[in-house]
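In: Any chance you could fold what I've pasted below:
(2 chains)
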Amino acid sequence: MIKGYAGRILEVDLANRSFVFKPLDESIARLYIGGKGYGTRLLYDRTPAGIDPLGPDNPLIFATGPLNGSVAPQSNRFAVVCKSPLTGGIGNATCGGSFAFGMKKAGIDLLIVEHRATAPVRIEIDGDRDEVLFHDAAELWGKGTYATQESLGKKQHHAVIGPAGENQVLYAGIVSNERIAGRTGVGAVMGSKLLKAVSVRGSRKLDMEDPEKFKEYTKEVRKLFKNHPVLGESMKRFGTGAIVNTTNARNILPTRNFQRGSFSEAMSISGEYMEDHELRGVKSSCIHCPVTCGRDVDVDGVGRVKGPEYETLALMGSNLEVGNLKKISEWNYLADDLGMDTISLGASLSFAMELHERGVLDAGISFGDPEGVSELIRDIGHRHGIGDELANGTRRMSEKYGGKEFAMHVKGLELSAYDPRGSFAQGVEYATTNRGGCHVQGASMYMESVGPLTINPQNLKLKADIPVVQQNLACAINSMVLCIFTTYGIVPRAIHEMNPNSLRYRALVFAFENMGPLLRTAMGMKGPPMLWFEKWLSYITGSKISGGHLQEIGARIFNLERMYNLREGFTAVDDTLPDRILHEPTFKHMQSGHPLGQLLPKYYKIRGWDEQGVPTPRTLERLQVRT
Amino acid sequence: MPVTLQLTYEMSKALGVPRIELDGPETVADAVRTVASRFGEAGADFAKLTRVTAVAVNGVLVNYRRGMKTRLEEGDVVAFVKAAAGG
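Out: As a prediction, the model looks like this:
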């Protein structure tokens, strides 16, 4: 067995309370690594097209990768893969916390949960005794994620759902400690199986090809992270909340359901403001991670909890036109405890507010007014009253009430907090990412509107190339399974400290912007491992993995996801953006919105797809994607 | 309608306000000079910061226009931009 893997997959059948360990397939691991990649392969192979995502035939796959179980920074995340009840296509999400570490200590590479229990259940996996215990979960059913984890205790590592998952809110997530696998409704799938919690324990050690080199090198990487301006400084101080002021200045901060790109009260909901006014005590982190990107805040009546990060500050702050950090923190806590994705939640709330503004629906909430929002969030989590409607997300709401033009989703998944009218590559990424309107499976916006070295975000240069490169890399990262923030370490301090008004900076931007095909060639080169995650993978598995290998593996995974979606009936028509983004300008100099139509053909070509967005047989063969 | 200067958090702490409204600056450089002169020593700190901070007018970096000589119109928003990272 390749080192870095436990060598086994655990299959649990909830209907007849049975389990079996099966060997990991090394050939799949070599092609897809683990995590999202291996999980997608399993989902594709084990299910036919057309299954009901909330039915018993939708497997819920928890997947780790060869870096999990080590003490490498940012290395302990797990992926969840299933068919998404929100989009009807590939569903996946990743999560920090400690569950991934626990899975590897239990000696489990992937856990496949199948069918449905007859009553609420939780499972305990003891990897040392190779046993799975099934416990009735009636007493836990209805509890929030915080209380559930507290009840289960600290001797095991847990992945749990809250009431939102139990009630199959279509954007319910799965929680580990204070982190959440939020997107695409993976928590609803867990709830549909009547599975409240998975707990794991074990004492296995991760087997590595070269543990000494890994250990020595990780010490160097920790020093590198400590001295990095993002991973060692700004993330620690501000978390991701510092992005609020940046996106606001670039006119891409979602405001009033994406009607505008800047918010007059942005500063009062920013990470810097939070540091000065609201932070309490120790900042939180995932297990073994020194970055500590989490911020603790005080919530009235609750005490100290994990505070909101950028997406929540934007989608549940500026997007609702609420500049009250205390309120946003309270809503963030509610969403976490109920177990819901704050991005889809925020977008559903703002959609309801716009319906109210237009006289279509009165959900008791309106822009700029925090009144009624807390109650509605609870109602959504419990599917009470009008909350039952919002629990289905913006696509279904717009199908019922109209407003398709301003339902801010792609393929059914609500957009994250970077307005693509000021970030064209990000728009292409939203339109083409297989799980829907997502930003972390690429993060193109970092190179054009948020990061320290940004190209012009509103011309066509590189806007089809960057998403391909970024999506491929993110697929690989989500298969190892590492935190995507690790990629921010690639940009060295020298770039961060460059004067953005200097000739040198402008020359560098010009060179970057005009490198076109060179970018893809450079990223595709297979040489010795250079970056830390390449070296970690190499020291652990023994395979020499470089950036070019990761691009190829990432492309493989991306194309398999694409084939899954095509099998489910998705077409090129679904590679689009909301009408508001395509047609309503938010910049003074623009007559229309995002020029997706001009960029999509080039994107398809770079991907090796035909004009209908279907991977060609030649591409599938080259990438060894078996369908 | 006045021109609005949107400050970075650092700048706003130095000057004591999150944004400033000005009547009639013709260029970005004019706007910076006006603010600097209005705030004395804090204004000098502000001016220093602007030299190493990216600037956007209505969301578009001035590097893609005429730099600090970019002309302003009524109602324009001049925003100082710090890079950031996250999700």
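In: what about the residue nearest to residue A:565 when sequence neighbours are not counted, how many neighbours?
Out: What sits nearest to residue A:565 in space, not counting adjacent residues and going by Cβ to Cβ, 6 or more residues apart in numbering or on different chains, is residue A:89, at 4.3 Å. Bear in mind the C-beta positions are built from the backbone N, C-alpha and C, glycine included. By the measure other Cβ atoms under 10 Å in any protein chain shown, the count of residues near residue A:89 is 25.
In: Mind pulling the model confidence for residue A:278?
Out: Residue A:278 is assigned 69 on the pLDDT scale.
In: Likewise for residue A:490?
Out: 89.
In: What does the pLDDT read for the closest residue to it other than its chain neighbours?
Out: Leaving aside its chain neighbours, residue A:490 sits nearest to residue A:531 (6.5 Å; criterion: Cβ to Cβ, 6+ apart). Note for residue A:531: predicted pLDDT of 93.
In: So residue A:531 versus residue A:237, what's the distance?
Out: Between residue A:531 and residue A:237 the computed distance is 25 Å (Cβ to Cβ, to the nearest Å).
In: Please verify my assumption that residue A:501 contacts residue B:70.
Out: No - contact criterion Cβ atoms under 8 Å: residue A:501 and residue B:70 do not qualify, at 12.0 Å.
In: who has more neighbours, these two?
Out: The residue with more neighbours, out of residue A:501 and residue B:70, is residue B:70; 21 against 18, by other Cβ under 10 Å.
In: re earlier: roughly how far apart are the residue nearest to residue A:490 and residue A:10?
Out: 32 Å.
In: more neighbours, these two?
Out: The neighbour count for residue A:531 versus residue A:10, taken as other Cβ under 10 Å, is higher for residue A:10 (25 against 17).
In: ok, residue 73 - how many residues close by?
Out: I'll assume chain A. 26.
In: wait, chain B
Out: Other residues near residue B:73 come to 11 when the count uses other Cβ under 10 Å.
In: so it, which of the three states?
Out: coil (DSSP: H, G, I helix; E, B strand; the rest coil).
In: which residues does the closest residue to residue A:71 other than its chain neighbours contact?
Out: Closest residue to residue A:71 in three dimensions, ignoring its sequence neighbours and counting by Cβ to Cβ, 6+ apart: residue A:288, at 4.9 Å. Residues in contact with residue A:288, defined by Cβ atoms under 8 Å, 6 or more residues apart in numbering or on different chains, are A:71, A:72, A:73, A:75, A:76, A:101.
In: I'd like the distance between residue A:288 and residue A:104.
Out: Here the criterion is Cβ to Cβ. By it, residue A:288 lies 12 Å from residue A:104.
In: cool, and residue A:426?
Out: 33 Å.
In: same thing with residue A:190?
Out: 20 Å.
In: cool, and residue A:248?
Out: To residue A:104, residue A:248 is 40 Å away according to Cβ to Cβ.
In: who has more neighbours, the two?
Out: More crowded of residue A:248 and residue A:104, by other Cβ under 10 Å: residue A:104, with 30 against 27.
In: Quick check: closest non-adjacent residue to the more buried one.
Out: Using Cβ to Cβ, 6+ apart, the closest residue to residue A:104 is residue A:69 (2.8 Å).
In: for residue A:194, same thing?
Out: In space, residue A:194 is closest to residue A:117, 4.2 Å off (Cβ to Cβ, 6+ apart).
In: swap in residue B:32?
Out: Distances taken as Cβ to Cβ, 6+ apart place residue B:50 nearest to residue B:32, at 5.1 Å, with adjacent residues excluded.
In: For whatever helix or strand the one you found lives in, give the mean pLDDT please.
Out: According to DSSP states H and E, residue B:50 maps onto helix B:40-51. Here helix B:40-51 scores 91 as its mean pLDDT.
In: Just the CA trace of it, in PDB.
Out: Presented in PDB, the C-alpha positions along helix B:40-51 are these (Å, rounded to 0.1, in the frame of the first residue of the first chain):
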ATOM      1  CA  GLY B  40      -2.100  68.700  10.100                       C
ATOM      2  CA  GLU B  41       0.300  66.100  11.300                       C
ATOM      3  CA  ALA B  42      -2.200  63.300  10.900                       C
ATOM      4  CA  GLY B  43      -2.700  64.500   7.400                       C
ATOM      5  CA  ALA B  44       1.100  64.100   6.700                       C
ATOM      6  CA  ASP B  45       0.900  60.500   7.900                       C
ATOM      7  CA  PHE B  46      -2.100  60.000   5.700                       C
ATOM      8  CA  ALA B  47      -0.200  61.400   2.700                       C
ATOM      9  CA  LYS B  48       2.700  59.100   3.300                       C
ATOM     10  CA  LEU B  49       0.400  56.100   3.400                       C
ATOM     11  CA  THR B  50      -1.300  57.000   0.100                       C
ATOM     12  CA  ARG B  51       2.100  56.800  -1.600                       C
END
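In: Could you spell out the sheet neighbours of the next helix or strand after it, each with its direction?
Out: Later in the chain than helix B:40-51, the nearest helix or strand by DSSP H and E is strand B:54-57. For strand B:54-57, the paired strands and their directions (DSSP bridges) are strand B:60-61 (antiparallel), strand B:77-81 (antiparallel).
In: Could you check how far residue A:107 is from residue A:113?
Out: From residue A:107 to residue A:113 the distance is 17 Å (Cβ to Cβ).
In: check contacts around the closest residue to chain B within the stretch 301-450 of chain A.
Out: With Cβ to the nearest Cβ, the shortest gap between the stretch 301-450 of chain A and chain B falls at residue A:310, namely 4.8 Å. Residue A:310 makes contact with A:239, A:240, A:241, A:243, A:244, A:271, A:417, B:86, B:87, according to Cβ under 8 Å, 6+ apart.
In: ok, and the closest non-adjacent residue to it?
Out: For residue A:310, ignoring the flanking residues on the chain, the nearest one in space by Cβ to Cβ, 6+ apart is residue A:240 at 3.9 Å.
In: pLDDT at the one you found, what is it?
Out: Note on residue A:240: pLDDT of 91.
In: hang on, it in a strand?
Out: No - under three-state DSSP, residue A:240 falls outside any strand and is assigned coil.
In: in terms of contact, does residue A:389 touch residue A:400 like I think?
Out: Yes - between residue A:389 and residue A:400 there is a contact under Cβ under 8 Å: 7.2 Å.
In: So what's the residue count around residue A:379?
Out: 20.
In: Excluding chain neighbours, give the residue nearest to it in space.
Out: In space, residue A:379 comes closest to residue A:387 once its chain neighbours are excluded; the distance is 2.8 Å by Cβ to Cβ, 6+ apart.
In: now that neighbour: how far from residue A:305?
Out: 22 Å.
In: Between those two, point out the one with more neighbours.
Out: More crowded of residue A:387 and residue A:305, by other Cβ under 10 Å: residue A:387, with 22 against 19.
In: The more buried one and residue A:378 touch, don't they?
Out: Yes - under the contact definition of Cβ under 8 Å, residue A:387 touches residue A:378, with a separation of 7.5 Å.
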